[in-house]
Every structure is written in C-alpha cells, then in structure tokens.
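Enquirer: coordinates only, no sequence provided:
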C-alpha cells in the first residue's frame with residue numbers, strides 16, 4: 001500500500017508515487033544490469049536520453065513482471081536518476 005504522503009502525492013500530481021522509486025529487488029537488479037550494459041552516467045545524459053532509458057527500462061521490467069505474473073508501475077525518469 002501507500003503511505004499517507006505517497007497517497008497525497010499521487011492525488012495532487014496524478015503520478016503514481018510508486019513510479020518515482022525503484023524499490024523491489026527485481027527493479028533494482030534490472031536497473032543495475034542495465035546501468036552496466038548501457039553505461040548510464042547521470043551527468044552525461046540529456047533529458048531525451050533519460051526518457052529513452054526509462055522507456056527501455058519499463059519495457060524490460062514489463063517483460064520480467066509478465067513472466068513472473070507480477071504487477072508493475074511504469075517508472076518515471078526521476079526514479080532512474082535518483083539511483084545513479
């Protein structure tokens with residue numbers, strides 16, 4: 001579930017609070033694998049590159065979650081940026 005602040009954030013911004021964080025082990029390990037694969041370096045990436053990276057990340061996460069039968073919330077580029 002969501003905390004009160006997460007719920008408030010979701011209502012006021014219309015962005016699912018879970019889209020702003022990478023929290024599960026599946027999400028984290030996928031992020032770390034992709035970071036190594038694509039050599040993501042935060043200060044060298046443009047907003048357009050972050051958008052593309054996030055789309056690729058979300059596609060792979062969706063594949064993993066579909067295979068596992070898990071539910072997924074597409075991530076916002078800020079979620080990836082915060083992990084670097």
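Expert: Nice, I can see it. As the structure is a prediction and not an experimental result, all values here were calculated from the model.

Enquirer: quick one: contacts for the closest residue to residue 27 other than its chain neighbours?
Expert: Leaving out its chain neighbours, the residue that sits closest to residue 27 by Cβ to Cβ, 6 or more residues apart in numbering is residue 61, at 6.5 Å. Every residue, glycine included, has its C-beta placed from N, CA and C. Counting by Cβ atoms under 8 Å, 6 or more residues apart in numbering, residue 61 makes contact with 26-27, 30, 72, 74-75.

Enquirer: try 7 Å
Expert: 27, 30, 72 (Cβ atoms under 7 Å, 6 or more residues apart in numbering).

Enquirer: can you tell me the centre-most residue of this protein?
Expert: residue 75 (3.3 Å; Cα atoms, centre = their mean).

Enquirer: quick one: that one and residue 4, what's the gap?
Expert: 22 Å (Cβ to Cβ, to the nearest Å).
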